[in-house]
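Chemist: What would the 3D arrangement of this be:
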Amino acid sequence: MITAPTNCPSCDSVLEWSNDILYCRNPDCQSTNLKKIEHFAKTLKIMGLGPASIEKLEILSIPELYEMDYQYMLDQLGSEKVASKLHDEIEKSKTRSLNLVLPAFGIPLIGKTATDKLASVCQTIFDINEEICKKAGLGPKATENL
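Modeler: Numbers count the residues shown, from 1 in each chain. Have a look, this model is predicted:
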């Protein structure tokens, strides 16, 4: 018989069950944050930003991704070519459409369908509010998650 763990192997926080899956809900869990950043980069098609680069750059949150300057990337990655390409990819990600940006955050109940509905009534993430969500036809749980 296999016994499920009770604590996160990364940060030792108590794990929570949700729909037969264990989750670490600690907002400071390094492993959870790494996976969120990986998902964000993959969804926005930021080439060159995989687990190794994220660790070398010591990125702990999505906002930090956009706070880095080229010199920091160069210093951490040790390659002008790699740093330049990654910097360009991050800059390109700033112009991605709402249809790509929202799912990149991994917000529960906010996938392609919800994002398409929102994109039909607003253009940027900054336009989203409770009224816009209602206008788009999102339910109360999806609205609350946003």
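
Chemist: Residues contacting the strand or helix carrying Lys35, please?
Modeler: In the assignment (DSSP states H and E), Lys35 maps to helix 30-43. Contact with helix 30-43 is made by 8-11, 24, 26, 46, 49-51, 54-55, 59-62, 65, 100, 103-106, as judged by Cβ atoms under 8 Å, 6 or more residues apart in numbering. All C-beta spots, glycine's among them, are computed from the backbone N, C-alpha and C.

Chemist: how about Leu100, phi and psi?
Modeler: phi -90, psi -40 (degrees, to the nearest 10).

Chemist: I should have written Ile2 there, sorry.
Modeler: phi -100, psi 130.

Chemist: Now do the contacts for it.
Modeler: By Cβ under 8 Å, 6+ apart, the contact set of Ile2 is empty.

Chemist: Next one, pLDDT for it please.
Modeler: Ile2 carries a pLDDT score of 86 in this model.

Chemist: quick one: the strands in this structure?
Modeler: With strands called from DSSP state E, the chain shows them at 15-18, 21-24.

Chemist: In ChimeraX, how would I select the buried members of the contacts of helix 30-43?
Modeler: Restricted to buried positions by 16 or more other Cβ atoms under 10 Å, the ChimeraX selection for these reads:
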select :8,24,26,46,49,54,59,65,103,104
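
Chemist: The contacts of helix 30-43 in helices, which ones?
Modeler: Filtering these for membership in helices, criterion DSSP state H, returns Pro51, Ile54, Glu55, Ile62, Leu65, Leu100, Pro103, Ala104.

Chemist: what residues does stretch 10-21 touch?
Modeler: Residues outside stretch 10-21 that contact it (Cβ under 8 Å, 6+ apart) are 4-8, 22-26, 28-32.

Chemist: Need the max-distance pair from those residues.
Modeler: Spanning the widest gap among these are Ala4 and Asp28, at 22.5 Å by Cβ to Cβ.

Chemist: Can you pick out the residue with more neighbours from those two?
Modeler: Asp28 (10 against 7; other Cβ atoms under 10 Å).

Chemist: how much space between that one and Ala41?
Modeler: Per Cβ to Cβ, to the nearest Å, Asp28 is found 20 Å from Ala41.

Chemist: quick revisit: just the closest of the contacts of stretch 10-21 to Lys81, please.
Modeler: Among the contacts of stretch 10-21, and counting by Cβ to Cβ, the member closest to Lys81 is Gln30, at 28.2 Å.
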